[in-house]
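**Student:** give me the fold of what follows.
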Amino acid sequence: MKLGIAVLPKLPLAEFVRLGQECEASDLALWVPDERFFRDVFVAMAALACATSRSTIAPGVTDPYIRHPLLTAAAMASLDELSNGRAILGIGAGVSGFDALGIKRHAPATAVREAIDMCRRFWAGESITNLDGPVYAKAAQMNFSARQIPVYIAGRGPKILALGGEVADGVIIGHFTSRNGIGSAQEQIAAGLKKRSPERGKPQTLVWAYTSVSPDGDAARAAVKPAIGRTIKSTPEALDLLGISAPRLLEELERHGYSRSAAYDRAMCETVSDELAGHLSIAGTPQECIDRIRAIEACGVDQVIVLPYPAAGMTIPEMTRLFLKDVMPAIRGD
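**Tutor:** Numbering: from 1, shown residues only. Take a look at the predicted model:
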């Protein structure tokens, strides 16, 4: 099974690039979150493309709202050229920065479908005219040649996952790390496969996982619990899917909303159970993380993408290097 890592451009770009080079040396795929308002995702990916030579490079993930899909198509084709054919387009419904920029999500599955269609037609050299859907173009054509870049759709909802099964080269399951959640997502992907063109091969299945590794397993689990709370806030039906009752957690989420405060973090550490963390993260000691990744692999997943959440007192580079040193060799069988 392949492993990837989300290298978030919170770091100064020089340090960000050095960390990306270390991850490439351990054979990780490189994913760069398109989070507003950190350093620009395409600038960051271009820096990685110039400093690496083997790893695939992808936004993890962008969306059809924040930029016009035809600009995304041109940017991805430019990245693919710069990286000698290592680019992958990761795309989902998006949420980051929408409120600040006054962006409203309308018909997200339709918007993602249309954006992918427009990108693929643009890369094929077609002139794009589309006045019917939620994304608009009129007589636009890319002014340089490109290949058909692989497209991976990320999501957790049934419509997006089914769309991935129907049209994508890869489907990224958002945050489920146990058989319950992964199996349910695979069922939605399979529903989309029934509509898939026979000309397309089977899509890759990936899992995007909140990850924290630390010698102190409890500290690692505490580090991911605020993020897990936000996942449950946006997808409360996940609790039923996972067979977990968490009335106190739901009460705290109702009280705090999407707060990113110390009070919210404390409430999540108190009300997100270790059991729930096991379903929605890879968190614990190095051996606990190894065991969780192997369990994910046993579900038929092709790639796990690690999203680092360092424990208290640890930085993202420190946690990443601990993962590379104490987890990666066991997964690779070194």
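**Student:** quickly find the element holding residue 215.
**Tutor:** Using DSSP states H and E, residue 215 sits within no helix or strand.
**Student:** what sits against it?
**Tutor:** 285-286 (C-beta atoms under 8 Å, 6 or more residues apart in numbering). (Each C-beta comes from the backbone N, C-alpha and C, glycine too.)
**Student:** which residue ranges of this protein form strands?
**Tutor:** 2-6, 29-32, 57-59, 89-91, 128-130, 137-140, 151-155, 170-174, 204-213, 282-284, 303-308 (DSSP state E).
**Student:** tell me the angle of the longest one relative to strand 151-155?
**Tutor:** Between the axes of strand 204-213 and strand 151-155, defined by axes from the mean of the first three to the mean of the last three C-alpha atoms, to 10 degrees, the angle is 60 degrees.
**Student:** for the last one, same thing?
**Tutor:** Counting by the same axes, to 10 degrees, strand 303-308 points 60 degrees away from the direction of strand 151-155.
**Student:** roughly how far apart are the residue of the chain most remote from its centre and residue 128?
**Tutor:** In the chain, the residue that sits farthest from the middle, by C-alpha atoms, centre = their mean, is residue 139; the gap is 32.2 Å. For residue 139, the distance to residue 128 equals 8 Å [C-beta to C-beta, to the nearest Å].
**Student:** same deal with residue 239?
**Tutor:** 42 Å.
**Student:** and the residue lying closest to residue 169 once chain neighbours are set aside, what does it touch?
**Tutor:** Excluding the flanking residues, the one nearest residue 169 by C-beta to C-beta, 6 or more residues apart in numbering is residue 150, at 4.1 Å. Counting by C-beta under 8 Å, 6+ apart, residue 150 touches 88-89, 169-170.
**Student:** now residue 211
**Tutor:** Applying C-beta under 8 Å, 6+ apart, the residues near residue 211 are 224, 281-283, 289, 306-309, 323.
**Student:** shaky segments in this structure?
**Tutor:** Across the chain, the ranges flagged by pLDDT under 70 are 130-137, 258-259, 334.
**Student:** how about a cut-off of 80?
**Tutor:** Low-confidence regions of the chain, defined by pLDDT under 80, span residues 129-139, 257-260, 334.
**Student:** now stretch 234-248: buried residues?
**Tutor:** Across stretch 234-248, burial judged by 16 or more other C-beta atoms under 10 Å covers 235, 238-239, 242, 244, 246.
**Student:** in a markdown table: those residues, plus distance to residue 160.
**Tutor:** Putting the buried residues of stretch 234-248 into a markdown table (distance: C-beta to C-beta, whole Å) gives the following:
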| residue | distance to residue 160 |
| --- | --- |
| 235 | 12 |
| 238 | 14 |
| 239 | 20 |
| 242 | 19 |
| 244 | 23 |
| 246 | 24 |
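**Student:** where along the stretch 201-334 of the chain do the helices fall?
**Tutor:** 217-234, 238-242, 247-256, 262-271, 274-279, 286-297, 316-326, 328-332 (DSSP state H, counting those that start in this stretch).
**Student:** verify the contact between residue 149 and residue 74 for me.
**Tutor:** No - counting by C-beta atoms under 8 Å, residue 74 is not a contact partner of residue 149; they are 11.3 Å apart.
**Student:** rewinding a little: measure the residue farthest from the centre of the chain to residue 127 for me?
**Tutor:** Residue 139 is 6 Å from residue 127, by C-beta to C-beta.
**Student:** kindly report the same for residue 47.
**Tutor:** 32 Å.
**Student:** and these two? which has more neighbours close in?
**Tutor:** Taking other C-beta atoms under 10 Å, residue 47 and residue 127 do not tie; residue 47 has more neighbours (19 against 12).
**Student:** contact partners for that one?
**Tutor:** 13, 16-17.
**Student:** which one of those is nearest residue 43?
**Tutor:** residue 13 (7.6 Å; C-beta to C-beta).
**Student:** my read is that that closest one contacts residue 40, right?
**Tutor:** No - assessed by C-beta under 8 Å, residue 13 is found out of contact with residue 40, at 9.9 Å.
**Student:** any residues in contact with both of those two?
**Tutor:** With C-beta under 8 Å, 6+ apart as the test, residue 13 and residue 40 reach no residue in common.
**Student:** residue 97: neighbour count?
**Tutor:** Neighbour tally, residue 97, other C-beta under 10 Å: 15.
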